[in-house]
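Visitor: Generate a structure from the sequence data that follows.
(chains A and B)
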Number of protein chains: 2
Amino acid sequence: MKKSQGSGPRFILGIDPGFGRMGFGVIGIQDGQMEAVDFGVMTTAAGGDFGDRLAQLVEDLHAVFTHWKPSVVAVEQLFFTNNQKTAIRVAEARGVVLLTAAQFGVPTVEFNPKQVKLALTGDGNANKAAVQRMVKQLLGLPKAPKPDDAADALAIALTASTWRG
Amino acid sequence: MKKSQGSGPRFILGIDPGFGRMGFGVIGIQDGQMEAVDFGVMTTAAGGDFGDRLAQLVEDLHAVFTHWKPSVVAVEQLFFTNNQKTAIRVAEARGVVLLTAAQFGVPTVEFNPKQVKLALTGDGNANKAAVQRMVKQLLGLPKAPKPDDAADALAIALTASTWRG
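Guide: Below is the predicted model:
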């Protein structure tokens, strides 16, 4: 599936937010067919200035937005853990994802983990392996995509694809 | 105090992060004199797309960074309340502040409310009125700056001024 085709496929970008590791996954949809066209992890080195890390993530995000011109961006919602310091940093990284989408004029949708599990497996309490199995199956991949952050991002993109019909 | 003077003053930007109301305050420092040169609140309307609200804040931040070319940006640290949903949104807004500072090449410092109170009044548990009194006094203002978000932002900028000698 190439992005240069005539009437062409539409692309959905899924993001699993983080500051050290941000998973991304792009699925292309055309004529009822879905394909994982790009996925991976954007990483930043620990110890650097946090603003610089955010700026680096934004550069990587810009590259993905510019290349794929997604019609929608699906971002995982945050739930708070005991480690509030990390949670704040993840939310700050999430903020620059939402900002970038707005600057590119791309609408965002947000899903929580339960919604992702439910959409993919029919069970809001499914385990990670079950979700990954469905990602692999729905996208016709030879094996579950790695690393996990990328698989999670593809799962979020798939959730958006079902959500939007 | 004008920003065009020869060797010139240096400017410190204080930010009290928020998404509906973001307080900002710029103090100029020259020859041991401090002055509030600009302060106010950047607002976004409730109900709009959150990414668009972040993009609007970034436009306002760009205007301040471009005009004052601050040598440092002081941002209040977040502490979590019971309203985690709001806390996440504030953190996301805070993320775009840190991003903007990095993109302008301006270093950031972060202070928690206790540090601000301690720096300004000598008492980490001082009340709001005591802090505002010190903001007014240190900056030679005829009265405490309004609204409160702007006063808080000036307090954070003042904390950075003492912190950095």
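Visitor: does the helix or strand where A:Gly40 lies come close to chain B?
Guide: Using DSSP states H and E, the element containing A:Gly40 is strand A:33-43. No: using Cβ under 8 Å from any Cβ of the partner chain, strand A:33-43 stays clear of chain B, with a minimum separation of 14.2 Å. Every residue, glycine included, has its C-beta placed from N, CA and C.
Visitor: Please name the strands paired to that strand in the sheet, noting orientation.
Guide: Partners of strand A:33-43 in the sheet, by DSSP bridges, are strand A:21-30 (antiparallel).
Visitor: what separates the partner strand from the chain centre, distance-wise?
Guide: 5 Å (Cα atoms, centre = their mean, to the nearest Å).
Visitor: tell me which residues in it are buried?
Guide: For strand A:21-30, the buried set under the neighbour-count rule, 16 or more other Cβ atoms under 10 Å in any protein chain shown, comprises A:Arg21, A:Met22, A:Gly23, A:Phe24, A:Gly25, A:Val26, A:Ile27, A:Gly28, A:Ile29.
Visitor: And stretch A:111-128, by the same measure?
Guide: A:Phe111, A:Pro113, A:Gln115, A:Val116, A:Lys117, A:Leu118, A:Ala119, A:Leu120, A:Thr121, A:Ala126.
Visitor: Now do the same for it: mean pLDDT, whole number.
Guide: Taken as a whole, stretch A:111-128 carries a mean pLDDT of 94.
Visitor: interface residues of chain A facing chain B?
Guide: Taking Cβ under 8 Å from any Cβ as the contact definition, chain A meets chain B at A:49-52, A:54-55, A:58, A:78, A:80, A:84, A:87-88, A:91-96, A:98-99, A:101-103, A:107-108.
Visitor: so who does A:Val116 touch?
Guide: Counting by Cβ atoms under 8 Å, 6 or more residues apart in numbering or on different chains, A:Val116 touches A:Glu76, A:Val131, A:Ala155, A:Ile156, A:Thr159.
Visitor: Most widely separated two among these?
Guide: A:Glu76 and A:Val131 (12.2 Å; Cβ to Cβ).
Visitor: on that earlier part again, inside strands: which ones of the residues of chain A next to chain B?
Guide: Secondary structure defined by DSSP state E assigns A:Thr108 of the residues of chain A next to chain B to strands.
Visitor: In PyMOL, how would I select just the buried ones from the residues of chain A next to chain B?
Guide: To isolate the buried members of these in PyMOL, using 16+ other Cβ under 10 Å:
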select buried, chain A and resi 50+51+52+54+55+58+78+80+84+87+88+91+92+93+94+95+96+98+99+101+102+103+108
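Visitor: So which of the residues of chain A next to chain B sit within helices?
Guide: Judged by DSSP state H, the residues of chain A next to chain B include A:50-52, A:54-55, A:58, A:84, A:87-88, A:91-96, A:98-99, A:101-103 as members of helices.
Visitor: Out of the contacts of A:Val116, grab the one that's most surrounded.
Guide: Highest neighbour count within these: A:Ile156, with 33 neighbours (other Cβ atoms under 10 Å in any protein chain shown).
Visitor: residue ranges with poor pLDDT in chain A?
Guide: Along chain A, the model assigns pLDDT under 70 to residues A:1-6, A:80-82, A:163-165.
Visitor: returning to that earlier point: now, which of the buried residues of stretch A:111-128 sits nearest B:Gly140?
Guide: Proximity of these to B:Gly140 (Cβ to Cβ) peaks at A:Phe111, which lies at 51.8 Å.
Visitor: Sticking with the residue nearest to A:Gln115 when sequence neighbours are not counted, tell me its helix or strand.
Guide: Closest residue to A:Gln115 apart from its sequence neighbours, by Cβ to Cβ, 6 or more residues apart in numbering or on different chains: A:Thr159 at 6.3 Å. Assigned by DSSP H and E, A:Thr159 belongs to helix A:148-163.
Visitor: Tell me which residues of that helix come out buried.
Guide: A:149-161.
Visitor: Could you do stretch A:59-69 as well?
Guide: For stretch A:59-69, the neighbour count (16+ other Cβ under 10 Å) marks A:Asp60, A:Leu61, A:Val64, A:Phe65, A:Trp68 as buried.
Visitor: The helix or strand containing the third one versus helix B:84-103: what angle between them?
Guide: Element membership for A:Val64 (DSSP H and E) is helix A:50-68. Here helix A:50-68 runs at an angle of 90 degrees relative to helix B:84-103 (axes from the mean of the first three to the mean of the last three Cα atoms, to 10 degrees).
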